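J.: okay, predicted coordinates and the sequence, questions at the end:
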Amino acid sequence: MTRWIAAAGAFVVSLDSTVNVAFPAIAAAFRVPPEQMRWVVICYVFTYAVMAFLGGALADRVGHGRVFRAGVALSAIGFVLSGTAPTFSWLLGGRVVQGFAAGLVYGTAPGLVTLAAAPDARGRALGFLNAAIGLAFAAGPPVAGLLVEAFGWRAVFHIRVPLAVAALAWAMLALPTTRAAVARRLLSVRQVVRAPVLHAGALAFIAHAGIFAIWLLAPFYLVEQRGLDARVGGALFMFTPLGTTLAAPLAGWLADRVGARIPLIAGLALETAGLLLMSRAEAATPPGMVALALFAAGFGLGVFQVPNMASMMAAFPRDQQGAAGGLTFLARTFGIVGGVATLAQLFGARRPAVGFQAAFAESFLAAAGAVAVATLLAIMPRSRPPREMG
């Protein structure tokens, strides 16, 4: 039951993929240029990057369930604030609240599922959690397309309020309140700077920085460059998170049986290929080719995510699984922040000079190059594999 509740909370938080499809409508409503949408992403993910680690560490001290429930409750408040925003600045403030809440959920969900699973089943447990996150990412775009067309961009926030309330009620009723393993020591700098931890964190940073070329720029390509309405654009955009969703259970199964290294490398290589293929997308590119590129990048990320997370969690003892899970999301989300900031800056600087299409292609080439470097880093042999401490 615990992993289902953890997955439900992560699912509600991860429905933030609805917001990306609403970017063109939000930009038009507040009369800001496309590149300004990066702040809608950054205010959210930078906050939850920090809070995921702090929330996970706090959960090791006061209980994972308690912090998890607080995060779900605060999420509902953040959705209301963003959905009723009268100005762009107000919207950014609502996104900070959402980020604070999401960090508490993301920082505790991995610890909840690993502590409830046997050591030889952690990969599958984390695969289940990542599949729930991927499912939310996949469901968000088509749902957002329908909502934006029918009710406007605010609906992508309003729709999640009752879902958060339902998840909170479930967690209040069924999530165990006992603290199975409360940390007696805080996470030290020495534990964080070990080579296996830094290696896993660096790969997560780059992989998620690269994938946000899709999350940031693909909505504008689909809606503005191809002239698709929000519903059709959302349906195409869905192929990236759909790939991640389908890959997560397979990646968890592989990680439990053959170890993390092989699926991790394969996932990064496939993500690189998808981003390269996407860099060649133009207004007349067949929709099937665009869908293939989006799916390949998402599937590759899904194959990578689970063994990478399993490696990070295995490097810490049971009484620090909250901090370990938070550290995983810290690396992921700092990668998102770095990717969004860098790619938005590149796209914004090049678009006036060379036009949308060339700037779009250059941004995706830069993203593919970064993930290719991560693939090479993953291939390089390491002196010691990550192992659980304590």
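T.: Happy to help now that I have it. Numbering: from 1, shown residues only.

J.: contacting residues for Gly93?
T.: Counting by CB atoms under 8 Å, 6 or more residues apart in numbering, Gly93 touches Cys43, Leu81, Ala85. Just so you know, the C-beta spots here come from the backbone N, C-alpha and C atoms, and that holds for glycine as well.

J.: that should have said Cys43, apologies.
T.: The contact partners of Cys43, taken as CB under 8 Å, 6+ apart, are Leu92, Gly93, Arg95, Val96, Gly99.

J.: state the mean pLDDT of stretch 29-36.
T.: The pLDDT scores in stretch 29-36 average 85.

J.: same deal with stretch 40-47?
T.: Mean per-residue pLDDT for stretch 40-47: 86.

J.: re the thing from before, reformat the contacts of Cys43 as JSON lines; add secondary structure, pLDDT and distance to Leu146.
T.: Shown next, in JSON lines, are these (DSSP: H, G, I helix; E, B strand; the rest coil; pLDDT from 0 to 100; distance: CB to CB, whole Å):
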{"residue": "Leu92", "secondary structure": "helix", "pLDDT": "95", "distance to Leu146": "25"}
{"residue": "Gly93", "secondary structure": "helix", "pLDDT": "95", "distance to Leu146": "27"}
{"residue": "Arg95", "secondary structure": "helix", "pLDDT": "96", "distance to Leu146": "22"}
{"residue": "Val96", "secondary structure": "helix", "pLDDT": "96", "distance to Leu146": "28"}
{"residue": "Gly99", "secondary structure": "helix", "pLDDT": "94", "distance to Leu146": "26"}
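
J.: ok, the residues you listed vs Ala374, which is closest?
T.: Closest approach between the contacts of Cys43 and Ala374, by CB to CB: Gly99, at 24.8 Å.

J.: nearest spatial neighbour of the closest one, chain-adjacent residues omitted?
T.: Nearest in space to Gly99, with sequence neighbours left out and distances taken as CB to CB, 6 or more residues apart in numbering, is Thr47 at 2.8 Å.

J.: for the one you found, helix, strand, or coil?
T.: The assignment at Thr47 comes out as helix when based on DSSP: H, G, I helix; E, B strand; the rest coil.

J.: quick one, what contacts it?
T.: Arg95, Val96, Gln98, Gly99, Phe100, Ala102, Gly103.

J.: show me which of those residues is closest to Arg280.
T.: The closest of the contacts of Thr47, once distances to Arg280 are taken by CB to CB, is Arg95, at 32.6 Å.

J.: quick check: the closest one vs Ala131, distance?
T.: With distances taken as CB to CB, to the nearest Å, Arg95 is found 26 Å from Ala131.

J.: follow-up on the earlier one: redo the contacts of Thr47 as JSON lines? Include distance to Leu236.
T.: Below are the contacts of Thr47 laid out as JSON lines (distance: CB to CB, whole Å):
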{"residue": "Arg95", "distance to Leu236": "25"}
{"residue": "Val96", "distance to Leu236": "30"}
{"residue": "Gln98", "distance to Leu236": "26"}
{"residue": "Gly99", "distance to Leu236": "27"}
{"residue": "Phe100", "distance to Leu236": "32"}
{"residue": "Ala102", "distance to Leu236": "26"}
{"residue": "Gly103", "distance to Leu236": "30"}
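
J.: in JSON lines: those residues, plus neighbour count and distance to Gly201.
T.: Converted to JSON lines, the contacts of Thr47 look like this (neighbours: other CB atoms under 10 Å; distance: CB to CB, whole Å):
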{"residue": "Arg95", "neighbour count": "28", "distance to Gly201": "24"}
{"residue": "Val96", "neighbour count": "17", "distance to Gly201": "24"}
{"residue": "Gln98", "neighbour count": "28", "distance to Gly201": "24"}
{"residue": "Gly99", "neighbour count": "25", "distance to Gly201": "20"}
{"residue": "Phe100", "neighbour count": "22", "distance to Gly201": "22"}
{"residue": "Ala102", "neighbour count": "32", "distance to Gly201": "19"}
{"residue": "Gly103", "neighbour count": "30", "distance to Gly201": "16"}
